[in-house]
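K.L.:
here are the coordinates; sequence isn't available:
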Ligand SMILES: Nc1ncnc2c1ncn2[C@@H]1O[C@H](COP(=O)(O)OP(=O)(O)O)[C@@H](O)[C@H]1O
Ligand SMILES: [Mg+2]
């Protein structure tokens, strides 16, 4: 890809990007959210047309009008969200859209045989006769990869494939990558995770703000340099975490049951204690009840059995305001739905839930001077980039909205903080900042429950780590004695020994 330019209304998503991949190579495309990685690859896959620049496959210029053109040129792409048909089997999904090899009726047995061969050859375990709705995400991803290989992809683009996997599944996927590369495939691996990129790639290209920040052979580059290229300034990759003596229990969860949206128990008998001055990490693959637990703890989802005690006060099934008044702050996973109001200004978002209290309000009148001063301070202290306090938050970037929510929630000096995916979709620069504030809060004595799917984040910040699997806590380990392998096994449902 040479000199690729792609504009969206108001956004220069790709700004003269050069990128190449060779057969036998895993080439990582690394960059923060919004850097332009998916956009670049969607052009290679015929989903968008470049505004400028050229795409050459085996030296020949190509103009793709649709993914079909790209597939015919030997290119396959595995998207962040899978595109399989749930009520068809694995084999049927792979056969979908293929011309029959023998007459008008497609020979599913032949397809199945070939699928099994590919599965064996690359270590992509699948049950060919299972219905897709029965498959876990990791398995669906393997089906997508086999499907691309089946269609003769010599070049495979994988858009953030590891985001939905456990560490063990990531290891398995990387073994598959290696086999495919040895077989002469060219692989483009999109990621924003440094560790993974360094673990598997031959070359690494970093995109920042739509431009290439550089391409480096893996052996000539450090993680610190890559982080710097991603963010445009040096970034701390490890934090100082001075020991803190854990104080009294601030949050006590006893045998809690919470139903998910489908009426089944998503939280299935969870007990946890959280002490002052401690960060308890809650790890797990997404969809194992973390979200429902967080919502119940925030007073936003009913508890049908068990008890929540906050600062010695029982708050089970209390309103969100009751939780706040008992000393709890909450950073929700869905920041735009539950953490902020899009159309409201920065100021109005910063006083949400606190507007009825001193110093913001006295005798039912808002004190605009106090509000302005406090909001100015949060914006300044939490480094929120906004044109002014009247700007609607929908105009801020994800990272800045997250810093704003964090600022609002920490301004209350909470005894307990429930932080759900606090840095998801946030760039490394802002993540680093959010992590530092969480660690400061730990020193100040806050009891924090850090719910995250990012094991590196959990390990960097937590004192203890609880792993949630199918609605239960499968084990709790001290971070000092834990290994990623052990945690990964727990995330896959294996109880610690
Ligand atoms: N279809 C689209 N319409 C408008 N803007 C888009 C579209 N797709 C991506 N963008 C914008 O282009 C930029 C790059 O996005 P993307 O390629 O998805 O980044 P990445 O994959 O690196 O996270 C972002 O600012 C994003 O908001
Ligand atoms: Mg993307």
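P.N.:
The structure has been received and is ready for your questions. In this text, all values refer to a predicted model and were calculated from it rather than measured experimentally. Numbers count the residues shown, from 1 in each chain. Ligands and ions are numbered 1, 2, ... in the order given.
K.L.:
In the stretch 51-200 of the chain, what residue lies closest to ligand 1?
P.N.:
Here the stretch 51-200 of the chain gets closest to ligand 1 at one residue, residue 190, 6.9 Å apart by C-beta to the nearest ligand atom. Where C-beta positions appear, they are placed from N, C-alpha and C, glycine not excepted.
K.L.:
beta partners for that residue?
P.N.:
In this entry, residue 190 is beta-bridged to residue 29, residue 159, by DSSP bridges.
K.L.:
any idea of the pLDDT on it?
P.N.:
Looking at residue 190, its pLDDT is 96.
K.L.:
quick one: contacts for it?
P.N.:
The contact partners of residue 190, by C-beta atoms under 8 Å, 6 or more residues apart in numbering, come to 28, 29, 37, 38, 41, 157, 158, 159, 160, 161.
K.L.:
Buried ones among the residues you listed?
P.N.:
28, 29, 37, 38, 41, 157, 158, 159, 160, 161 (16 or more other C-beta atoms under 10 Å).
K.L.:
how deep is residue 131 tucked in, by neighbour count?
P.N.:
By the measure other C-beta atoms under 10 Å, the count of residues near residue 131 is 15.
K.L.:
now residue 248
P.N.:
Using other C-beta under 10 Å: residue 248 sits among 12 other residues.
K.L.:
go on, residue 232?
P.N.:
When neighbours are counted by other C-beta under 10 Å, residue 232 registers 12.
K.L.:
Likewise for residue 269?
P.N.:
14.
K.L.:
Let me see the contact set for the residue positioned nearest the centre of the chain.
P.N.:
Closest to where the C-alpha atoms of the chain average out (C-alpha atoms, centre = their mean) is residue 424, at 4.9 Å. Each residue near residue 424 by C-beta under 8 Å, 6+ apart is listed here: 333, 452, 453, 454.
K.L.:
now residue 493, nearest residue through space, not along the chain?
P.N.:
residue 469 (4.8 Å; C-beta to C-beta, 6 or more residues apart in numbering).
K.L.:
which residues does the one you found bridge with?
P.N.:
Here residue 469, judged by DSSP bridges, has bridge partners residue 472.
K.L.:
Distance of it relative to residue 146?
P.N.:
Distance of residue 469 to residue 146, computed by C-beta to C-beta, to the nearest Å: 27 Å.
K.L.:
Neighbour count for the two, which is higher?
P.N.:
residue 146 (25 against 20).
K.L.:
you'd agree that one is up against residue 115?
P.N.:
Yes: using C-beta atoms under 8 Å, residue 146 is in contact with residue 115, at 5.8 Å.
K.L.:
okay, now the domains of this structure?
P.N.:
Under automatic domain parsing, the residue ranges defining each domain of the chain are 2-231, 249-343+413-491.
K.L.:
Give me the mean pLDDT for the shortest one.
P.N.:
This means domain 249-343+413-491. 93.
K.L.:
For it, measure first residue to last.
P.N.:
Using C-alpha to C-alpha, to the nearest Å, one end of domain 249-343+413-491 lies 26 Å from the other.
K.L.:
what about it and ligand 1, touching?
P.N.:
No: using C-beta under 6 Å from any ligand atom, domain 249-343+413-491 never reaches ligand 1; the gap is at least 8.8 Å.
K.L.:
That domain: how far from the chain's middle?
P.N.:
Centroid displacement of domain 249-343+413-491 relative to its chain, using C-alpha atoms, centre = their mean, to the nearest Å, is 16 Å.
K.L.:
before we move on, the earlier item: restrict the buried ones among the contacts of residue 190 to contacts with ligand 1.
P.N.:
37, 38.
K.L.:
Spatially, which two of the buried ones among the contacts of residue 190 are the most separated?
P.N.:
Among those, the pair separated by the greatest distance (C-beta to C-beta) is 28 and 38, at 14.1 Å.
K.L.:
How many neighbouring residues does residue 5 have?
P.N.:
Neighbours around residue 5, by other C-beta under 10 Å: 15.
K.L.:
Am I right that it is in a helix?
P.N.:
No: Residue 5: not assigned to a helix; according to DSSP: H, G, I helix; E, B strand; the rest coil it is strand.
K.L.:
Mind listing the residues bridging to it?
P.N.:
With DSSP bridges as the criterion, residue 5 is bridged to residue 52.
K.L.:
pretty sure it contacts residue 16?
P.N.:
Yes: taking contacts as C-beta under 8 Å, residue 5 lies within contact range of residue 16: 5.9 Å.
K.L.:
Overlap in contacts, these two.
P.N.:
52, 53.
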